[in-house]
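Participant: Curious how this folds, go ahead:
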Amino acid sequence: MFDRLSDKLSLVFKRLKGHGKLTEANVQAALKEVRLALLEADVNYKVAKGFIDRIRERALGQEVLSSLTPGQQVVKIVHDELVTLLGQESPRLELGGAPPVVIMLVGLQGSGKTTTAAKLALWLKKQKRQPFLVPADTQRPAAITQLQKLAAQIDVGAFPTQASQTPVEIAAQALTEAKATGYDALVVDTAGRLHVDAPLMAELEAVQARLHPQEILLVADAMTGQEAVTIAQSFHEHLNLTGVILTKVEGDARGGAALSMRSVLDRPIKFLGVGEKLDALEVFHPDRLASRILGMGDVLTLIEKAQESFDAEQAQELAAKIRGDSFTLDDFREHLRQVRKMGNLSQLLEMIPGLNQVKGLKGMQPDERELVKIEAIINSMTPQERAQHTLIDGSRRRRIASGSGTTVQDINRLLKNFDMTQKMMKKMVKAKKGKRRFLPFGL
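Facilitator: Numbering: from 1, shown residues only. So this is what the prediction gives:
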């Protein structure tokens, strides 16, 4: 979402760091470029102005101009101010009080409310809660069926809404059923329109009055840009929002909505929808997003994703095989499956600090279809071939290629890469035993 903004800020800071000593003139020139980058990213102009003014006040102070590393000091100031702009602390859902906790999702049609409701229910389930999905959107014919199907996919309860019911009737009956059956979190998917109008707001206000939700979250499409802030203000005036979920942030959004909404609404962004899969919902961390924008990566989120996706027992077994020099193509296939569970590869690469500055890697878009192809090739091998890949001669390669719908060249490439992987792992094990510092690929 922030690729273009991140690229422009990186260029500005690179030029700043090139100056041995900063002057007021080159700081002012850099801040002018930062302001332009923010406006091009669709950040609200008042928000951009306040942001630049705060940076200017600090950047022109003695702490920077007399610093031994003035360029780095400016980057730190920008990072600090980005965190302030996005919210100092990671916001949490209000899940206290007598169950069931009621979470009401609102927003325009097409913002992704129904899918987000299921994503949120899955997230709550991972937090050891018992969520109950409530399809209260009777305006869109497929919304009720869609949410009930999504509930079945993630194995959570869903209220059996009838299209003839009013949203208030649905809300009241769902709340009664949740209390009777022991659900402790009610996630309510409400109707949207193509635009903000009086009937929509009246309907939402009636549902709010009946449920008294602890959380009213606006689901906003990050692709909407600056208009998303105006929409958010309209909903906030009628419903007193408690937070925002930004969806479709993995797309080609410019990021202005995320940077503006927190400041304009004075309400936190609580989650980011980072993909189409139901587990593609991230808790919003202001400091981590600020680091991503400035090209510093996001190691903490990367670690959390790995912890969620990798089975601890399997990881220990894999480590033992690497130490024992018995890493096979079966293990390689299982490792790839675990990596794919972590999510979009492009997003994972963005979380590695400094990777966007490595020559040749910047802008690289990994093709996830290659992972599917690799797995198909390994699946076409016999157990003996997977255990001992050196057995795979020319005729076996032709058979594997035919069985996997690939080419002999694809088989050759996979086996060559696997050999390189094995050699790299052996070096890492030796380096650890010898207590030497080792970096793969000579970096």
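Participant: use CA for all of it now, contacts and neighbours both
Facilitator: Will do.
Participant: element containing the closest residue to Ser263 other than its chain neighbours?
Facilitator: Leaving out its chain neighbours, the residue that sits closest to Ser263 by C-alpha to C-alpha, 6 or more residues apart in numbering is Leu85, at 6.3 Å. In this assignment (DSSP states H and E), Leu85 forms part of helix 70-86.
Participant: From Leu246, how far off is the most centrally placed residue in the chain?
Facilitator: Central residue of the chain (C-alpha atoms, centre = their mean): Val274, 3.9 Å from the mean position. Separation of Val274 from Leu246 (C-alpha to C-alpha, to the nearest Å): 9 Å.
Participant: so what's Gly412 up against?
Facilitator: Let me fix one detail, which is that residue 412 is Asn and not Gly. Arg397 (C-alpha atoms under 8 Å, 6 or more residues apart in numbering).
Participant: Gln88 too?
Facilitator: For Gln88, the contact set (C-alpha under 8 Å, 6+ apart) comprises 286-287.
Participant: give me the element the residue located most distally from the centre of the chain is part of.
Facilitator: Centroid-distance maximum for the chain: Ser395 at 44.5 Å, with C-alpha atoms, centre = their mean. Taking DSSP H and E as the definition, Ser395 sits inside helix 394-404.
Participant: tell me what that helix is packed against?
Facilitator: Applying 3 or more C-alpha pairs under 8 Å, 6 or more residues apart in numbering; DSSP states H and E, one finds that helix 394-404 contacts helix 369-379, helix 408-433.
Participant: now Arg193: how far from Val219?
Facilitator: 13 Å.
Participant: Give the intersection of the neighbour lists for these two.
Facilitator: What both Arg193 and Val219 touch, as defined by C-alpha under 8 Å, 6+ apart, is the set Leu108.
Participant: If you count surrounding residues, which of those two has more?
Facilitator: Taking other C-alpha atoms under 10 Å, Arg193 and Val219 do not tie; Val219 has more neighbours (29 against 15).
Participant: Wait, a strand at that one?
Facilitator: Yes: Val219: assigned to a strand according to DSSP: H, G, I helix; E, B strand; the rest coil.
Participant: Go ahead and confirm it touches Leu105.
Facilitator: Yes: using C-alpha atoms under 8 Å, Val219 is in contact with Leu105, at 6.6 Å.
Participant: what residues do these two have in common as contacts?
Facilitator: Lys113.
Participant: related to what we said a few turns ago, the residue nearest to Ser263 and Val264 touch, don't they?
Facilitator: No: here Leu85 lies out of contact with Val264, judged by C-alpha under 8 Å, at a distance of 10.0 Å.
Participant: the more surrounded of those two?
Facilitator: Leu85 (21 against 16).
Participant: residues contacting the more buried one?
Facilitator: Per C-alpha under 8 Å, 6+ apart, neighbours of Leu85: 51, 259, 262-263.
Participant: Any chance of these in TSV with distance to Asp42 as columns?
Facilitator: Formatted as TSV, the contacts of Leu85 follow (distance: C-alpha to C-alpha, whole Å):
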residue	distance to Asp42
Phe51	14
Leu259	9
Arg262	14
Ser263	14
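Participant: Centre of the chain to the helix holding Ser395, how far?
Facilitator: Remark: helix 394-404 is offset 39 Å from the chain centroid, using C-alpha atoms, centre = their mean, to the nearest Å.
Participant: Could you export that helix as CSV, CA atoms only?
Facilitator: Extracted in CSV, the C-alpha atoms of helix 394-404 (Å, rounded to 0.1, in the frame of the first residue of the first chain):
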residue,chain,number,x,y,z
GLY,A,394,17.4,-38.4,-17.3
SER,A,395,14.5,-40.9,-17.8
ARG,A,396,13.2,-40.3,-14.3
ARG,A,397,13.2,-36.5,-15.0
ARG,A,398,11.2,-37.0,-18.1
ARG,A,399,8.7,-39.1,-16.2
ILE,A,400,8.4,-36.6,-13.4
ALA,A,401,8.0,-33.7,-15.9
SER,A,402,5.2,-35.6,-17.6
GLY,A,403,3.4,-36.4,-14.4
SER,A,404,3.6,-32.8,-13.0
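Participant: Contacts for it, please.
Facilitator: In contact with helix 394-404 (C-alpha under 8 Å, 6+ apart) are residues 373, 376-377, 379-381, 407-408, 410-412.
Participant: Could you list the low-pLDDT ranges of this protein?
Facilitator: 1-4, 17-22, 61-71, 225, 251-255, 295-316, 318-319, 321-325, 340-368, 425-443 (pLDDT under 70).
Participant: Can you give me the domain boundaries for it?
Facilitator: Domain segmentation of the chain under automatic domain parsing yields 3-86, 101-296, 309-442.
Participant: Tell me which of the ones you listed lies nearest to Arg92.
Facilitator: Of all the domains of the chain, domain 101-296 sits nearest to Arg92, with 6.7 Å by C-alpha to C-alpha.
Participant: For Glu282, list the residues it contacts.
Facilitator: Residues counted as contacts of Glu282 (C-alpha under 8 Å, 6+ apart) are 271-274.
Participant: if we can go back for a sec, now render the domains of the chain as a markdown table, adding distance to Leu95.
Facilitator: Formatted as a markdown table, the domains of the chain follow (distance: least, C-alpha to C-alpha, whole Å):
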| stretch | distance to Leu95 |
| --- | --- |
| domain 3-86 | 22 |
| domain 101-296 | 6 |
| domain 309-442 | 25 |
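Participant: before we move on, back to that, which among the contacts of helix 394-404 end up buried?
Facilitator: 373, 376-377, 379-381, 407-408, 410-411 (16 or more other C-alpha atoms under 10 Å).
Participant: Which helix or strand contains the nearest residue to Leu82 once chain neighbours are set aside?
Facilitator: Excluding the flanking residues, the one nearest Leu82 by C-alpha to C-alpha, 6+ apart is Ala290, at 5.7 Å. Using DSSP H and E, Ala290 sits within helix 286-293.
Participant: what's the answer for Ile103, then?
Facilitator: Using DSSP H and E, Ile103 falls in strand 101-106.
Participant: which outside residues touch that strand?
Facilitator: With C-alpha under 8 Å, 6+ apart as the criterion, strand 101-106 contacts 95, 113, 117, 184-192, 204, 208, 211-219.
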